[in-house]
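Enquirer: A predicted structure for the sequence below; I have some questions about it.
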Amino acid sequence: MIRISDEVQQALHEGRGVVALETTLVAHGFPPGEGVAVGLGSEAAVRDGGSVPATIGVLDGTVIVGLTVPELERFNAAARKLGPRDLAAAVVQGAPGATTVGGTLSVCKAVGIRFMATGGLGGVHRGWPTPPDVSADLGVLAQTRALVVSSGVKSLLDVPATAELLETLGVPVLGWRTDELPLFYAARGGPPVSARIESAEEAAQIAAAHWELQGGGLVVGRPPDESLDDVEPLIELALAAAAAENVHGQGVTPFVLDYLHRESGGRTLAANRDLIIGNARLAGAIAASS
């Protein structure tokens with residue numbers, strides 16, 4: 001049911017750094033044709049950081065850990081969006097499926113990968129408890145010994161509420177050279193992190209200590225290199241448009257991203273691409289230091 005590439009298998013066996021990458025970003029996070037380039041760029045960035053990339057997805061009834069380029073090119077908008085609950089059904093039904101953060105972490109837990117990179121973490125949706133929507137990413141993260149590098153949580157979410165829930169779940173939130181959890185597109189203005197870190201080695205040491213103390217997941221929040229401080233009004237408009245068109249559940253994120261990319265004149269698209277690749281490079285460095 002799970003196929004691990006030879007390169008990833010060898011790296012795990014030798015104790016070298018391996019960084020998991022999701023495929024939802026490839027299939028649903030960018031306009032058609034651009035997601036694959038971002039996925040390949042993320043893999044190259046992990047290698048720049050000194051580790052082996054393991055892009056994860058479901059094809060032909062198999063969970064693949066370490067997709068080839070032709071396999072990665074098969075992920076498009078038609079692929080199912082796979083959270084933790086969806087993996088088994090996609091495998092049994094032979095459906096192509098792109099893993100979310102939570103879906104990717106579920107596979108990491110099964111095969112022993114301890115590091116992951118993404119754009120933004122899922123969390124508590126704005127307006128909770130109406131709708132009562134909390135991403136499955138958080139529950140899986142709390143139960144999985146893995147460190148996730150992201151630019152905070154997704155911009156369309158309730159960031160302070162998500163930070164509170166992460167504390168409740170016992171998930172350390174480490175700020176990469178910052179005292180605040182990044183707001184995805186914006187570097188400042190988020191809730192305080194549980195600890196500030198200055199180096200990849202320090203992050204790896206904290207993760208190792210956390211796991212020795214029987215802890216689960218950790219988050220490293222890396223601010224975007226170029227902060228877009230004027231995106232919040234667009235996010236509000238995008239969410240209102242999604243509600244007006246009755247878009248809900250797993251469809252909200254791709255709808256909002258498409259709206260932001262279009263209405264910002266492509267600025268959020270470029271920022272999204274850059275922060276994902278930057279996060280992958282940092283995750284590669286942390287994994288290599290472990």
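Expert: That came through fine. Since this is a predicted model, take the numbers as computed values, not measurements. Residues are numbered from 1 along each chain as shown.
Enquirer: does residue 280 touch residue 21 like I think?
Expert: Yes: with contact defined as C-beta atoms under 8 Å, residue 280 reaches residue 21; the gap is 6.7 Å. (C-beta placed from N, C-alpha, C; glycine too.)
Enquirer: shared neighbours, those two?
Expert: Common neighbours of residue 280 and residue 21, using C-beta atoms under 8 Å, 6 or more residues apart in numbering, are 42, 43, 46, 53, 117.
Enquirer: how about a markdown table for these, with pLDDT, secondary structure and distance to residue 269 added?
Expert: Output for the shared contacts of residue 280 and residue 21, formatted as a markdown table (pLDDT from 0 to 100; DSSP: H, G, I helix; E, B strand; the rest coil; distance: C-beta to C-beta, whole Å):
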| residue | pLDDT | secondary structure | distance to residue 269 |
| --- | --- | --- | --- |
| 42 | 98 | helix | 15 |
| 43 | 98 | helix | 20 |
| 46 | 98 | helix | 22 |
| 53 | 98 | strand | 22 |
| 117 | 98 | strand | 19 |
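Enquirer: tabulate these (a markdown table), appending neighbour count.
Expert: Formatted as a markdown table, those follow (neighbours: other C-beta atoms under 10 Å):
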| residue | neighbour count |
| --- | --- |
| 42 | 29 |
| 43 | 23 |
| 46 | 31 |
| 53 | 29 |
| 117 | 32 |
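Enquirer: just those residues now: which is nearest residue 171?
Expert: Nearest to residue 171 out of the shared contacts of residue 280 and residue 21 is residue 117 (C-beta to C-beta; 16.5 Å).
Enquirer: before we move on, the earlier item: what's the most distant pair in the shared contacts of residue 280 and residue 21?
Expert: Largest pairwise distance in the shared contacts of residue 280 and residue 21, by C-beta to C-beta, is 10.1 Å, between 43 and 117.
Enquirer: list residues touching both of these two?
Expert: Joint contacts of residue 43 and residue 117 (C-beta under 8 Å, 6+ apart) are 21, 280.
Enquirer: residues contacting residue 17?
Expert: Contacts of residue 17 (C-beta under 8 Å, 6+ apart): 11, 49, 50, 51, 52, 115, 284, 286, 287, 288, 289, 290.
Enquirer: so which residues of the stretch 51-200 of the chain form helices?
Expert: 69-72, 87-93, 101-111, 136-143, 159-168, 200-212 (DSSP state H, counting those that start in this stretch).
Enquirer: how far off centre is the last one?
Expert: It refers to helix 200-212. 19 Å (C-alpha atoms, centre = their mean, to the nearest Å).
Enquirer: next secondary structure after that helix?
Expert: strand 218-221 (DSSP states H and E).
Enquirer: which other helices and strands contact that following strand?
Expert: strand 147-150, strand 173-176, helix 200-212, helix 267-288 (3 or more C-beta pairs under 8 Å, 6 or more residues apart in numbering; DSSP states H and E).
Enquirer: now with 10 Å?
Expert: strand 115-117, helix 136-143, strand 147-150, helix 159-168, strand 173-176, strand 195-197, helix 200-212, helix 267-288 (3 or more C-beta pairs under 10 Å, 6 or more residues apart in numbering; DSSP states H and E).
Enquirer: if you count neighbours, what's buried in the third one?
Expert: Using 16 or more other C-beta atoms under 10 Å as the test for burial, strand 147-150 gives 147, 148, 149, 150.
Enquirer: mind checking the pLDDT average for that strand?
Expert: Strand 147-150 comes out with an average pLDDT of 98.
Enquirer: from the chain's centre, how far out does that strand sit?
Expert: 7 Å.
Enquirer: so what are the sheet partners of it and their directions?
Expert: Using DSSP bridges, strand 147-150 pairs in its sheet with strand 115-117 (parallel), strand 218-221 (parallel).
Enquirer: point out the most buried one among the ones you listed.
Expert: Stretch with highest mean neighbour count among those: strand 115-117 (a mean of 30; mean count of other C-beta atoms under 10 Å).
Enquirer: report the contact partners of residue 274.
Expert: 38, 41, 151, 224, 225, 226 (C-beta atoms under 10 Å, 6 or more residues apart in numbering).
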